[in-house]
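> I'll drop the sequence and a predicted model, then ask my questions.
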Amino acid sequence: MAAGCVHLSGSLCSQFLASVDALLFDCDGVLWKGESAIPGAVQLINRLQERGKRVFFLTNNSTKSRQMYGEKLRGLGFQAGPEQVFGTAPCAALYLRHESELRGSVYLIGGAALRGELQAQGIACSGSGPGPELTPGPGPTQVWAAEPLDPAVGAVLVGFDEHFTYLKLCRAARYLRNPACIFLATNTDTLLPLEGGGIPGTGCLVKAVEAAANRTAHVIGKPSVYMFECLVKEHSIDPSRTVMVGDRLDTDILMGSNCGLRTILTLTGVSSLEEAKAHQESDSSDRHKLVPSYYVDSVADLLPTLD
């Protein structure tokens, strides 16, 4: 049985927080649900910072820029700014600018925030938005297959796109036939958790493009380590004194494991304690990476330690 999955409370919680300098929080399902903060989350984040802890926010949501996340945090009462936010939109733009050999522009399946982050890095892009209306007629697939492509496109980036269409899928797949074309995805979350239930997430779009192009995307978001690498580069935190707090085993906890961090699962979001314990009892070393170091019912459970 893998170690971990310990209930964090009482004196253990006090000892643990004393060993931590930086805390990385997922947002949806951890600090808020929809437009409502989880009870006690605002007080926790603000008190942690008052006690000298460094707090950062890591999100796979590509529909908001750093500035937009900063505004949402402040609007809910969190004492936080955009420089503390690391999301897939700005990090995808940073990757394309500094880590890839991008030549040309980007064909983007994604929204305005993602487009804005690319443009902020001086990267030209096309494809975002609803696109032109399709004219009904005989043989439309032949027209789509023969549509001229932009020779300047050197990468395809897939994020959450409420205007995703079959035509966009065709274009992306045709660009990706060129093996030199970079294939990037913001994240592979298949569920977008919302109040009242979830809807298909970015991962569903990514899988469609992967299947159509017969290629695998390079993923920026959790559980990839790239967002954490961006954070370390910008803020010089010590991984040995850092903890990742999240509600999903397959993204937040796995990223923490991949980065050598201690992890806390909060039970206010997607994953359950039963799922974590099933991974813990497995004989698979890969599944053991999904086991959190600790768990709490809610992040608010950490508050009494800070009184």
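Cool, the structure landed.

> burial measure for the nearest residue to residue 40 once chain neighbours are set aside, as a count.
Nearest residue to residue 40 in three dimensions, chain neighbours excluded: residue 300, at 2.6 Å (CB to CB, 6 or more residues apart in numbering). To be clear about C-beta, it is placed using only N, CA and C from the backbone, and glycine gets the same treatment. Applying other CB atoms under 10 Å, we find 17 residues neighbouring residue 300.

> mind listing what's buried in stretch 186-201?
With burial defined by 16 or more other CB atoms under 10 Å, the residues of stretch 186-201 counted as buried are 186-189, 192-193, 201.

> Make a markdown table out of those residues and add distance to residue 295.
Rendered in a markdown table, the data for the buried residues of stretch 186-201 read as follows (distance: CB to CB, whole Å):
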| residue | distance to residue 295 |
| --- | --- |
| 186 | 27 |
| 187 | 23 |
| 188 | 24 |
| 189 | 20 |
| 192 | 23 |
| 193 | 18 |
| 201 | 23 |
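
> Narrow those residues to those in strands?
Per DSSP state E, strands hold the following members of these: 192-193.

> pLDDT check: weakest of the buried residues of stretch 186-201?
Least confident of the buried residues of stretch 186-201 in the model: residue 193, at 72.

> How about the contacts made by that residue?
28-29, 33, 269-270 (CB atoms under 8 Å, 6 or more residues apart in numbering).

> before we move on, back to that, quick one: contacts for the residue nearest to residue 40?
Contacts for residue 300 were tallied using CB under 8 Å, 6+ apart; they are 38-41, 43-44.

> same thing with residue 41?
Residue 41 touches 30-32, 78, 298-300, counting by CB under 8 Å, 6+ apart.

> Select, from those residues, the two members most distant in space.
The distance between the two most remote of the contacts of residue 41 (CB to CB) is 15.7 Å, for 78 and 298.

> And the two? Which one has more around it.
Higher neighbour count among residue 78 and residue 298: residue 78, with 25 against 17, using other CB under 10 Å.

> Wait, the more buried one touches residue 31, no?
Yes. Using CB atoms under 8 Å, residue 78 is in contact with residue 31, at 7.4 Å.

> got any residues that touch both of these two?
37, 41, 45.

> Just give me the closest of these to residue 144.
Nearest to residue 144, judged by CB to CB, of the shared contacts of residue 78 and residue 31 is residue 37 at 44.8 Å.

> For the most centrally placed residue in the chain, give its distance to residue 87.
In the chain, the residue lying closest to the centroid (CA atoms, centre = their mean) is residue 60, at 1.4 Å. Plainly put, residue 60 is 8 Å away from residue 87 if you go by CB to CB, to the nearest Å.

> And for residue 193?
16 Å.

> before we move on, the earlier item: pick out the most distant pair among the buried residues of stretch 186-201.
186 and 193 (16.2 Å).

> And the pLDDT at the residue nearest to residue 40?
We note a pLDDT of 97 for residue 300 in this prediction.

> Repeat that for residue 268.
Predicted confidence (pLDDT) for residue 268: 95.

> contacting residues for it?
Counting by CB under 8 Å, 6+ apart, residue 268 has contacts 29-30, 33, 38, 247, 297-299.

> Could you do residue 89 as well?
Per CB under 8 Å, 6+ apart, neighbours of residue 89: 62-66, 110, 113-114, 116-117, 159, 186.

> go with 6 Å
Residue 89 sits next to 62, 65, 113-114, 117 when contact means CB atoms under 6 Å, 6 or more residues apart in numbering.

> Specify the local secondary structure of residue 95.
In three-state terms, and counting by DSSP: H, G, I helix; E, B strand; the rest coil, residue 95 is helix.

> So what's the residue count around the residue nearest to it when sequence neighbours are not counted?
Residue nearest to residue 95 in three dimensions, not counting chain neighbours: residue 220, with 5.8 Å by CB to CB, 6+ apart. By other CB under 10 Å, 28 other residues sit near residue 220.

> How about residue 272?
With other CB under 10 Å as criterion, residue 272 counts 14.

> do the same with residue 162
Number of residues near residue 162 (other CB under 10 Å) recorded here: 9.

> Roughly how far does it sit from residue 131?
12 Å.

> residues in contact with stretch 23-33?
Contacts of stretch 23-33 (CB under 6 Å, 6+ apart): 38, 41, 53, 55-59, 193, 195, 243-247, 252, 266, 269-270.
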